[in-house]
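Participant: Below is the structure, and that's it, no one-letter string:
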């Protein structure tokens, strides 16, 4: 399980990195190269919109509902990407251990969709990032720790609770953070933990594997569509 989880998280991280590099390549003159660390190596909004950023503008104007999935794989700067990948690696390992790969990816995907859907309903015009999906993993881990109980469950709950508090404090202090997506993702993660169960109270069923496979296939198709249409529009 350890090797499979590490391989899966490496694959997921590589996908985020590849799309970040592509977003920079699409308009190299528009990337942020100043001294501000929060804006260093920042793709321009046009490239992000073409690749699948979500929000009221892509959905209401362009009818891109599929962007609720693709936005989780796009990032606004190098620091944005690094923060999310660190969180994904640390929290993702725990969630895979306690829920299994299929349920973990289902939580990740559905949490991203739910978080961005809430931010769309709140009127956020343009948004991206893996943090909504990562917050879903945090929500699932919080549910696991609280539900399992005992010394180990309490330890998980306290440790992951620290992550949750840090994310919301960071969101309040730093402008431009999509707290709607974070809160929505976390709520969906808790709900998924409740409905899907974790390894100790519900073994992995065929339904879990089918849901995980459906999330994976849908994600791949959406990202292929976003990348293909963006590259054709930008370079041809």
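Facilitator: Structure's in. What do you need? If you're wondering where the values come from, they're calculated on a predicted model, not measured in any experiment.

Participant: Run through the chain and note the low-pLDDT ranges.
Facilitator: 1-3, 29-40 (pLDDT under 70).

Participant: Would you tell me which helix is longest in it?
Facilitator: Counting by DSSP state H, the longest helix found in the chain is helix 206-235.

Participant: wait, is residue 175 part of a helix?
Facilitator: No - counting by DSSP: H, G, I helix; E, B strand; the rest coil, one finds residue 175 to be coil, located in no helix.

Participant: burial count for it?
Facilitator: 7 (other Cβ atoms under 10 Å). Every C-beta, even on glycine, is put in place using the N, C-alpha and C of the backbone.

Participant: hmm, back to that, only the buried residues of the longest helix of the chain, if you could.
Facilitator: Going by neighbour count (16 or more other Cβ atoms under 10 Å), the buried part of helix 206-235 is 208, 211, 212, 215, 219, 222, 223, 226, 227, 230.

Participant: Might you report the residue contacts of the fifth one?
Facilitator: Meaning residue 219. Residues counted as contacts of residue 219 (Cβ atoms under 8 Å, 6 or more residues apart in numbering) are 69, 109.

Participant: residues touching residue 183, list them.
Facilitator: Neighbouring residues of residue 183 by Cβ under 8 Å, 6+ apart: 115, 118, 135, 168.

Participant: thinking again about what came up before, now tabulate the buried residues of helix 206-235 in TSV and tack on distance to residue 141.
Facilitator: Below are these laid out as TSV (distance: Cβ to Cβ, whole Å):
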residue	distance to residue 141
208	17
211	19
212	17
215	18
219	21
222	26
223	26
226	29
227	31
230	34
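
Participant: Out of these, the closest to residue 44 would be?
Facilitator: Using Cβ to Cβ, residue 230 comes nearest to residue 44 of the buried residues of helix 206-235, at 12.5 Å.

Participant: if I look at that closest one, how far off is residue 65?
Facilitator: According to Cβ to Cβ, to the nearest Å, residue 230 stands 17 Å off from residue 65.

Participant: And for residue 97?
Facilitator: Residue 97 is 33 Å from residue 65, by Cβ to Cβ.

Participant: burial measure for the nearest residue to residue 135 once chain neighbours are set aside, as a count.
Facilitator: Sequence neighbours aside, residue 185 is the residue nearest to residue 135 in space, at 3.6 Å (criterion: Cβ to Cβ, 6 or more residues apart in numbering). For residue 185, the neighbour count with other Cβ under 10 Å is 35.
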